[in-house]
Each structure stands twice: as structure tokens, then as C-alpha cells.
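> No letters, just coordinates:
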């Protein structure tokens, strides 16, 4: 029997669990000096002013958004020119925050500034963090060069572990195993982190038997597994469709007194959902909720709503949503989106509308993903006018829509056979970056077929202009264009030159069609 295909929620959870990042930088507070009463007050006042200054610097860095190279250095240089202090302990915190929000290039630029401009010494932990950032920003070869250039004392369990993580993230199995063996030779592999890293790599590569062999190696080395080990093992057995083995893993971890967190039971619940074992899934969700701690934040509740939607339990979704509202002073866009996605799974359009309107009246930063979710729901239910009005309303607010919005409307109108409306969205799509543009060959063929059937020369010309902008105009497109001209009984003496201008060879088929529409050329 083939293993079941993981649900979207299960895939998201496993992706997060398999992301084994390098350990964060440790911040050590300097001990306070013993002074008299006056000195203590002055010191406290100075510390308070310093903390205020530090927050002000982070606000400047945070305000950079997606600004490019050099933006961080300019902010820091200006800060120093103002006569303000840039303390290493504060800068390390900012690196951590920037990484948290995946602003890796800015975090790396900050670390580079710390070394090159301020001459700050890198701790072993900071070397590991910098190596990880170099990989994310400049690629694996740059990360390798950085590691090679480290002094021998800095090539320890942290930096080797960071390099191993880079290879695992890049799915470079041979190099990852070589680093792991080297760590073994140096006696620094017998910890949970590198083994988890390698297990996660094998999980990504679908080599599930190697995952279990590494777990056996952990036992031989007397390395105690952790919560992540448990999640990876359960996911691996689930991929092999061994539900009994999944349950045995959890039992073994409990017997070993492994401190299991909510994510272990979230993983278990996802596996049960995927296997159609909904009662067991709900039982796991109850255990999950009992393990949530204050420092876990909102994420566990987002997963709870998603997983309760997977088992079709609307009352529990609404209960968890009320817990979120009662627990947190401010509900984030992410939580609102999670609630909308859960309700979308159950096709509860009325409740979705209530949640969306609640978000609209409370958001601090507009997130187009929520509007896209609502548009998706309207279109699925055939409420085209409502979806268009939602888009128009947001556009009036100055909202910048993304390629997802285009795809939603494009798919909808093509499904209805409304090629004219679909073409309007293709034209909007051309305004996005090349990376965001998505127009597959199947859609292209469908457009051309409709234009030819309806003898729509104006439509086919507009579409070809879009393809030219998207960088995918080719001989096949011109064949379809000429066939539409032929069907409509029209001619255009500039077509031959346009084909040449687009650097397309006038092949036999194109030449034959040109002659048939009366453009014999030279």
C-alpha cells in the first residue's frame, strides 16, 4: 500500500520541524557594579538612557524594511557620527531579531559592520551564526570559504555544526556526511543537534531507513534524543505508512523522559489526520493544548485551528479562536490568516466574512494574503462580483496586490471560459517581477485556442504583447497568432518584420501561414 500524501497542514508542520537552524547567539549581561546610593541612581539612569538609545537604533534598523545592500551600514555609521554608542551586546540582539524575521542579508551586513568597522571580536557562536548567514545570502561556496578561513580554535562543534546545517539545507548528502564523520573523528558529533540535522536531511531526501539507523547510532553513543528527534522519527515512519511504529516512538520517548513539547503532538495529530484516524488526532490535539506554555506564543494555536479544520470540528476551531482572543492582547495577521484558512477548509463563508471584517477594523499593517484568502473563498463559491468588489475596495486603499491575486482571478475566469476577463489579469501579471509571473504552457494554449475559435485578432495581439513582456514569445505563439489572423480573414503587413524583430526564425509553418494571409515578404 502506498503511503498517504501529507495534507497541507502536515507538510507545513514538517517543514518547520525539519528546519534545524544554528544555535542563536548568547547574550551575557555584564554584572552591575557595586556603588553607593548616588552611584546606583546615576547608574540606573544611565542604563535606562542606554536602553532607550538601543531601542531607538533597532527602530531605525527595523524601519529599513527590504532596503538593499549598504542600508544597514548607513544607519549604523550615522548613529556613530551622532556620538551614540553601538554596544556589541545590543548589536548581537539585533542580529537575532533580523534573523527571526528572515532579513538575512541585513543581519549579515550588521555582523560584517561589527567586525570591519568596529573591530569587534567574533565569539565561536557568532562565527557559527555568521557562517549560516553567509550561506543564506551568498551561497554554499562562500560559506565553505568562510569556514576554511577560520582560525583552528574556532573550528569547533558550533562552526562544524553550522557547516553541517548548511550542507543539510542544500541537500548535499555526500558533503554533509563527510562533515559529520570529521566531527566524529574530532569527538564533537555526539550531541543531539548534528544528528538531528543529518536525520532531517535524510527525511528531506526520502531516505527514511537512514533516519532510523541514525537513531540507533544515537542509542549506541548514549546521546539523549529530544523533541525534534521524536518529530523527525515519527514523520519518517509515517512516510513509510508505519503508524504503529509512530506510536512506539512516542512511547519510547516518554519512557526515556524526553521533554516532549506541543510540536510532538502536533506532528502526531497531523499523521493521524493524514491516515484518516480522526478520533486519535483529536486526542493528540488535547494533549498538544495541555503542553502549550506562555513562551510558545501564538503558533500552537494556529496549528490547533488548522488541525481541527482537518478533522472537520468547527466548534473546536471557534473555541481555540476565543482562547487566542482571551490570551493575547493583540491578534496578529498570521492568526487571522490561520483562522480564515481553517474556515476555508470547512467552506464556512459566513464565518469567514465575520473574521475578515474583524481583521479589517483592527489591523495595524495590511497583509494582502488575508484579502487573497477571502477572494479565494468568494470565487470558489461562484461569488465573482463580491470577489471583484473586495479587490477594488482594497485597491482604493493603495494596496499592492501580488501574483497570487492574479492567479486566483485568472484561474477563475479561464474556468468559466471568460477569456476577455482572464486576459485583463494576464496584463496585470506583466507588472510583477519575473520571479512572480506564472503562466504555464497549458494556459497559453487555451488562450490561443479561444482566440482562434472566436476570430479575435485584437485579443490575440494583446496576449502576444503580454507574452513578449513576460519573455516567452516564441515561434509557437506566432503560429497561433497567424492562424487567428487567417481565421478572421485579416492581414497585417508588419507581421514578418515583427517576427524578425523578436529574433524568431521564420520556419516552414510560419512562412506558409504568412503566404496564406497575403504577406509574401521579400
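Cool, got the structure. What you see is a predicted model, and the numbers here were worked out from it, not measured in a lab.
> Disregarding residues adjacent in the polypeptide, which is nearest to residue 386?
residue 378 (4.6 Å; Cβ to Cβ, 6 or more residues apart in numbering). Quick note: C-beta positions are derived from backbone N, CA and C, even for glycine.
> List the buried residues in the host helix or strand of that neighbour.
Using DSSP states H and E, residue 378 sits within helix 368-380. For helix 368-380, the neighbour count (16 or more other Cβ atoms under 10 Å) marks 369-379 as buried.
> Could you do stretch 277-292 as well?
Those buried within stretch 277-292 under the rule 16+ other Cβ under 10 Å are 277, 280-282, 284-285, 287-289, 291-292.
> Serialize the residues you listed to CSV and add fields for distance to residue 476.
Formatted as CSV, these follow (distance: Cβ to Cβ, whole Å):
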residue, distance to residue 476
277, 49
280, 52
281, 48
282, 52
284, 52
285, 51
287, 56
288, 52
289, 55
291, 57
292, 55
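> give me every residue that touches the residue nearest to residue 386.
Residues in contact with residue 378, defined by Cβ atoms under 8 Å, 6 or more residues apart in numbering, are 349, 384, 386-387, 390.
> of all those residues, which two lie farthest apart?
The two members of the contacts of residue 378 with the most space between them (Cβ to Cβ) are 349 and 384, at 13.9 Å.
> hang on, the earlier thing: got the contact list for whichever helix or strand comes after the helix holding residue 378?
Remark: after helix 368-380, the chain's next helix or strand is helix 384-396, criterion DSSP H and E. Outside helix 384-396, the residues within contact range by Cβ under 8 Å, 6+ apart are 366, 368, 371, 374-375, 378-379, 401, 405, 408-409, 412, 416.
> now the following helix or strand past helix 384-396 against helix 368-380, angle please.
For helix 384-396, the following helix or strand on the C-terminal side (DSSP H and E) is helix 403-416. Here helix 403-416 points in a direction 10 degrees away from that of helix 368-380 (axes from the mean of the first three to the mean of the last three Cα atoms, to 10 degrees).
> quick one: low-confidence parts of the protein?
1-55, 519-522 (pLDDT under 70).
> and stretch 496-515, which residues are buried?
Buried residues in stretch 496-515 (16+ other Cβ under 10 Å): 496, 499, 504, 510-511, 513-514.
> Now tabulate these in TSV and tack on secondary structure and distance to residue 263.
Output for those, formatted as TSV (DSSP: H, G, I helix; E, B strand; the rest coil; distance: Cβ to Cβ, whole Å):
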residue	secondary structure	distance to residue 263
496	helix	63
499	helix	58
504	coil	54
510	helix	58
511	helix	63
513	helix	60
514	helix	63
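> mind putting those residues in JSON lines, distance to residue 84 included?
Output for the buried residues of stretch 496-515, formatted as JSON lines (distance: Cβ to Cβ, whole Å):
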{"residue": "496", "distance to residue 84": "67"}
{"residue": "499", "distance to residue 84": "62"}
{"residue": "504", "distance to residue 84": "60"}
{"residue": "510", "distance to residue 84": "67"}
{"residue": "511", "distance to residue 84": "71"}
{"residue": "513", "distance to residue 84": "70"}
{"residue": "514", "distance to residue 84": "70"}
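> with those in mind, which one is nearest to residue 262?
Out of these, the member with the shortest distance to residue 262 (by Cβ to Cβ) is residue 504, at 57.6 Å.
> Chain neighbours aside, what residue packs nearest to residue 358?
Nearest one to residue 358, counting by Cβ to Cβ, 6+ apart, is residue 336 at 7.7 Å.
> Let me know whether the one you found touches residue 359 as I believe.
Yes: counting by Cβ atoms under 8 Å, residue 336 does reach residue 359; the two are 4.4 Å apart.
> list residues touching both of these two?
In contact with both residue 336 and residue 359: residue 370, using Cβ under 8 Å, 6+ apart.
> Considering the contacts of residue 378, which possesses the most neighbours?
residue 387 (23 neighbours; other Cβ atoms under 10 Å).
> distance of that residue from residue 368?
14 Å (Cβ to Cβ, to the nearest Å).
> what sits up against stretch 400-411?
368-369, 371-372, 375-376, 379, 387, 391, 394-395, 421-422, 425-426, 428-429, 432, 436-438, 443.
> buried set for that stretch?
Quick answer for stretch 400-411 (16+ other Cβ under 10 Å): 401, 403-410.
> need the residues you listed in TSV with distance to residue 133, can you?
TSV is the format used below for these (distance: Cβ to Cβ, whole Å):
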residue	distance to residue 133
401	31
403	28
404	28
405	32
406	33
407	32
408	35
409	38
410	37
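> Taking those residues, tell me the two that lie furthest apart.
401 and 410 (12.4 Å).
> tell me which element residue 272 falls in.
Applying DSSP H and E, one finds residue 272 within helix 262-274.
> could you point out which element follows that helix?
Following helix 262-274 in sequence order, the next helix or strand is helix 278-291 (DSSP H and E).
> quick one: that next one to helix 262-274, angle?
Using the same axes, to 10 degrees: helix 278-291 against helix 262-274 is 170 degrees.
> Tell me the helices and strands packed up against helix 278-291.
On a contact count with 3 or more Cβ pairs under 8 Å, 6 or more residues apart in numbering; DSSP states H and E, helix 278-291 meets helix 262-274, helix 299-310, helix 314-327.
> at 7 Å what do you get?
Judged by 3 or more Cβ pairs under 7 Å, 6 or more residues apart in numbering; DSSP states H and E, helix 278-291 is in contact with helix 262-274, helix 299-310.
> hey, which of the ones you listed is tucked in deepest?
Burial of the helices and strands packed on helix 278-291 is given as mean neighbour count (mean count of other Cβ atoms under 10 Å); helix 262-274 ranks first at a mean of 26.
> That one to helix 299-310, inter-axis angle?
Using the same axes, to 10 degrees: helix 262-274 against helix 299-310 is 10 degrees.
> How far off centre is helix 262-274?
What separates the centre of helix 262-274 from the centre of its chain is 21 Å, taken as Cα atoms, centre = their mean, to the nearest Å.
> and residue 432, what helix or strand is that in?
Residue 432 belongs to no helix or strand, assigned by DSSP H and E.
> tell me the contacts of residue 107?
Residues in contact with residue 107, defined by Cβ atoms under 7 Å, 6 or more residues apart in numbering, are 95, 98-99, 133.
> Filter those residues down to the buried ones.
Neighbour-count burial (16+ other Cβ under 10 Å) applied to the contacts of residue 107 gives 95, 98-99, 133.
> tell me which of those residues is nearest to residue 462?
Of all the buried ones among the contacts of residue 107, residue 98 has the smallest distance to residue 462: 43.5 Å, by Cβ to Cβ.
> That closest one in helix, strand or coil?
Three-state assignment for residue 98 (DSSP: H, G, I helix; E, B strand; the rest coil): helix.
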